[in-house]
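**Q** Model the following, please.
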Amino acid sequence: MSIQHAIAAVDDNPWKQAKLSVNGNTVELGRSLVLLRGQENEVTVEVDPEIAEMLNLVLGDDGGMRIEANPPFGEWVNPIDNKFSWKITPEDGKSGLALFVFFSRETAIPLECSSAVVSADLKDEVAVFQIGDHILPIAHMFFIGEPKTATITPKEGSPLQHIDLVFDAIPRGGPPTMIVTPSGPGRSLAWEITATGKSGWFSPFVRDVNSTTSYIVRDHKVMSRNLADEVQDVLLNGVVYAIGCVINIDESYVITLSVVPGSPLLEHPHPMTLTVILISGLAPGDVVVVKNPGNTSWTLTASKPGEFKLELAGTLMTGIITLPDTIVQ
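**A** As a prediction, the model looks like this:
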């Protein structure tokens, strides 16, 4: 019997009142059972006696896997309080799609269930997990309000396309909020993800609907594309860069950024730039800005008197921050 014919239409199924569960998690009729490979899984069927006084579980298709059952496949089983139960143990190290068939003497049509055997670590089932143009686990930068597409490509032989997967986003410390929409109807291995609210960090998290198996990737960043939303203050030698700033010739000054609480700007993977705009009395090279290690600190020196200002910009970001005019004396 082929896997493709494993699920009958629910409306025509005499088993439509049956309740299936795996390891205590209810499985909607017509959905695949999700079994963890290399460990015991409890599969139960709860059904009225007029549908089944006894049940016989048969392995219709093993999908090339070794699967053991207790009570064994092919034996008639009595219920306890209208509930039938088996311990199913697929071999370790191999995933795939199997077919279970439940026979009843009281019902001519058997109950057929496709059964996806997977690793408890969903990462073992995934060939590629991609968000936008980034292949995970490399961290990705999200900009607020700009959707990205997340896709999962299963490894060869993995039954992920037969499982209902959910994309979650676990925020670190509250913000941001992630809006997740499947890219198409039905089962999906692709989702559109949009960050809203505040800047911060989150962890992409893909799981099956019952959290039997999951794959989590830590600490992706979310921030505004507008630089001014992420910068709280610009400091000169630890003091806020203020109007009427005066510096001395040939002295070194350290410029640093103070970011908005919760902003991941300090971990922005692309460089920030600090540009000198000459106003009066100075020539190119008279004011020098040297970037310090990291992404948010520069050393400033001036060799002649005059006046200038600085403009701060971020790669892939909008909104230039113009600092107050500075006098060199």
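**Q** Identify the residues contacting Asn295.
**A** Asn295 is in contact with 266-268, 271-272, counting by CB atoms under 8 Å, 6 or more residues apart in numbering. For every residue, glycine as well, the C-beta is placed using N, CA and C.
**Q** and what of Glu42?
**A** Taking CB under 8 Å, 6+ apart, one finds 21-24, 85-88 in contact with Glu42.
**Q** Can you verify my assumption that Ala116 contacts Asp164?
**A** No - if you go by CB atoms under 8 Å, Ala116 and Asp164 don't touch, sitting 10.0 Å apart.
**Q** coming back round to it: which of the contacts of Glu42 are buried?
**A** Listed as buried from those are 21-23, 85-86, 88; burial here means 16 or more other CB atoms under 10 Å.
**Q** Tell me the one among these nearest to Asn237.
**A** Asn23 (61.0 Å; CB to CB).
**Q** what are the phi and psi values for the closest one?
**A** The phi/psi pair for Asn23 (degrees, to the nearest 10) reads phi 50, psi 40.
**Q** Do a quick rundown of the strands in the stretch 151-300 of the chain.
**A** With DSSP state E, counting those that start in this stretch as the criterion, the stretch 151-300 of the chain has strands at 165-171, 177-182, 190-196, 200-208, 214-216, 220-223, 231-236, 239-240, 245-247, 253-259, 272-280, 287-291, 297-302.
**Q** Any idea which of these gets closest to Asp62?
**A** When those are compared by CB to CB, strand 200-208 sits nearest Asp62, at 21.3 Å.
**Q** Show me what that closest one is packed against.
**A** Packing contacts for strand 200-208, counted by 3 or more CB pairs under 8 Å, 6 or more residues apart in numbering; DSSP states H and E, involve strand 126-131, strand 165-171, strand 214-216, strand 220-223.
**Q** let's see 7 Å
**A** For strand 200-208, the packing partners by 3 or more CB pairs under 7 Å, 6 or more residues apart in numbering; DSSP states H and E come out as strand 165-171, strand 214-216, strand 220-223.
**Q** Looking at the ones you listed, which is nearest to Pro293?
**A** Evaluated with CB to CB, these place strand 220-223 nearest to Pro293, the distance being 19.9 Å.
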